[in-house]
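Trainee: Mind looking at a prediction? Sequence and model below.
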Amino acid sequence: MNLKKVYIVLMLLTAAALPVCAADTPNMLKTEFQDIPPKFLINSDGSFSGLSYDLMKMIERNSDIRFSYSADVIPLSRVTFDISKGAIDVQVGIQKTPEREKLMIFGEPLYKVKTVAVVRADDDFSCRTLADIAALGPDDGRILTVWGTGIAQILKSMPGLSVEDGARTPDAAIKKLIAGRGRVLIYHNLTINYLMKNPAFAGKIKIVPLDFRGTGLNDTWQYIAFSKTVSPDLIRKINRVIVEARTRGELDRISRQYLE
């Protein structure tokens, strides 16, 4: 037998020895990490953590779903754009808004966040409602928030409010607040509580009571969301995993680590 025939025989034997496992190949979905701590965190050793990241790994543990991602954090506005265009398949932890419902498919709710108001530590801020802030005028009553977020969309839809959402990240919005470029920062407690532990902001800001009833900014759910290119079967499978995790208390156990 010449070398060419030997090579062909070896290739055939190798192929025959390999298991036929196409049906067992995990379903791979592409995602991105929002630049919204502590949903996704890149640790000093290069590992990942965070509330949404932990929930993503929970889905992997309880299914054959796998997620692919790069070691970067991406502005939420870009994440929203990418999922709307099918550049990514899924996002774990995003607020549902009428605008976003036109761009993506929302699945099961994951965890709930609370909207809070933050001012500089030396501010004698006495407003109790958004209407009180609007009455201060566009300069003294300027509201800061993060660009491309659900909170920004809701605030900007309210007549009478002066909203500045140029900050691309929550920490950038806090820096604007400290610099006096706005009177109050409105965002959710998950990120605000996390950033208030940052030594750079210690003693410089404080949370103040503000009544958000009737504004759509009360406690809000963060959902899993899918590109419209993802198959209905995969969406149903992941939603089922989430429902089962909620029933056995796993969702609450994970979220409490970051929300309490």
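Mentor: Sure, I can see it. Residues are numbered from 1 along each chain as shown.
Trainee: longest strand of the chain?
Mentor: strand 105-113 (DSSP state E).
Trainee: With adjacent residues omitted, what lies nearest to the residue nearest the centre of the chain?
Mentor: Residue closest to the average C-alpha location in the chain (CA atoms, centre = their mean): residue 93, at 4.0 Å. In space, residue 93 comes closest to residue 52 once its chain neighbours are excluded; the distance is 3.6 Å by CB to CB, 6 or more residues apart in numbering. Every residue, glycine included, has its C-beta placed from N, CA and C.
Trainee: Which parts of this protein are strands?
Mentor: According to DSSP E, the strands that the chain contains are 27-30, 33-34, 41-42, 48-49, 65-68, 73-74, 90-95, 105-113, 115-120, 142-146, 162-167, 184-188, 205-208, 220-226.
Trainee: Select, out of those strands, the one closest to residue 246.
Mentor: strand 105-113 (7.7 Å; CB to CB).
Trainee: by contact count, what packs against the closest one?
Mentor: The helices and strands touching strand 105-113, judged by 3 or more CB pairs under 8 Å, 6 or more residues apart in numbering; DSSP states H and E, are helix 51-61, strand 90-95, strand 220-226, helix 232-247, helix 250-259.
Trainee: where in this structure is pLDDT low?
Mentor: Along the chain, segments meeting pLDDT under 70 span 1-26.
Trainee: tell me the domain boundaries of it?
Mentor: Taking automatic domain parsing as the domain assignment, the record places the domains of the chain at 28-112+220-259, 115-208.
Trainee: What's the end-to-end length of the first one?
Mentor: Terminal residues of domain 28-112+220-259 lie 29 Å apart, using CA to CA, to the nearest Å.
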